[in-house]
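Quick check, what structure comes out for this input:
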Amino acid sequence: MPLEGIDACLAPVALINGSFEEGAARGSYTAAGIYFYESEVPGWKTTDDAQGVKLIEIWNHNVGLPAAAKNFAAPVDGDRWAELNAYENGMLYQDVETTPGQTLYWRLSHMGRQGVDMMQVRIGAATSNPYSTVPQTQMSTGNTAWKTYTGTYTVPAGQTATRFGFEALSTASGNIGAGNFLDDIFLGTKPCVVAEKTVLPEGDVKAGQELTYEVTTKNGGGDVAANAVFEDAIP
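Here you go, the predicted model:
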């Protein structure tokens, strides 16, 4: 049975740390502060192990880490963004638990470093080989502004863990291991806003009597419920 109508509420999905704000304030690999051990970045994994350890590169626009971060547009969400590769052309990815048949929605913001950079999105089963995921789409973006890309993915039969990853294809500098900035990444189900209302006193009321309403709303879905509006007609 298709889960399009129920997955947002009964089987919510959302990756974590999509804007790279969680985790250590500075990377502890070298004094530069932008190279983080994989274990210092909640949620995310990488195949970049050129230095003999898994490393993720994160820039901080607010504090100028590195100093060149101030030369770029502010991140879409928060203070930080990731550069797709730290030292070598690898794959940055995250795994989430999923239910076969679900429709997942994804979005991300992308920007080049020294000019137009190109990368591709990979989505598929979480296996021992990160590159077994299927390329979904490619994106090319310049270095003057962030651009947001979106898409959908239907979880195939038998797939209870889904991988969402990114791989560099080219960079303006010619060094494929440098460039391709990423921020505000999401993969998951739609929001699911549920509201409950109570009123006191209950039952019949007389003209002029004061009523007290209490409304509680909760988003139990995967995505944020942006610009949500709750309306209720007064009897």
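
for this structure, what spans make up the strands?
Secondary structure of the chain, counting by DSSP state E: strands at 35-37, 45-46, 55-60, 80-83, 91-97, 103-111, 117-125, 134-141, 147-154, 161-170, 181-188, 193-200, 212-219.

okay, those strands in TSV with mean neighbour count, distance to residue 18 and mean pLDDT next?
Every C-beta, even on glycine, is put in place using the N, C-alpha and C of the backbone. Putting the strands of the chain into TSV (neighbours: other Cβ atoms under 10 Å; distance: least, Cβ to Cβ, whole Å; pLDDT from 0 to 100) gives the following:
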stretch	mean neighbour count	distance to residue 18	mean pLDDT
strand 35-37	20	16	98
strand 45-46	22	14	98
strand 55-60	24	13	98
strand 80-83	24	10	98
strand 91-97	20	9	98
strand 103-111	20	8	97
strand 117-125	21	14	98
strand 134-141	15	17	98
strand 147-154	14	12	97
strand 161-170	21	10	98
strand 181-188	23	4	98
strand 193-200	11	20	79
strand 212-219	11	16	80
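
thought residue 82 was touching residue 21?
No: the pair residue 82 / residue 21 is not scored as a contact, 10.9 Å apart, by Cβ atoms under 8 Å.

what separates stretch 109-125 from the chain centre, distance-wise?
For stretch 109-125, the separation from the chain centroid amounts to 14 Å (computed by Cα atoms, centre = their mean, to the nearest Å).

Likewise for stretch 149-159?
In this view, stretch 149-159 has its centroid 15 Å away from the chain centroid, taken as Cα atoms, centre = their mean.
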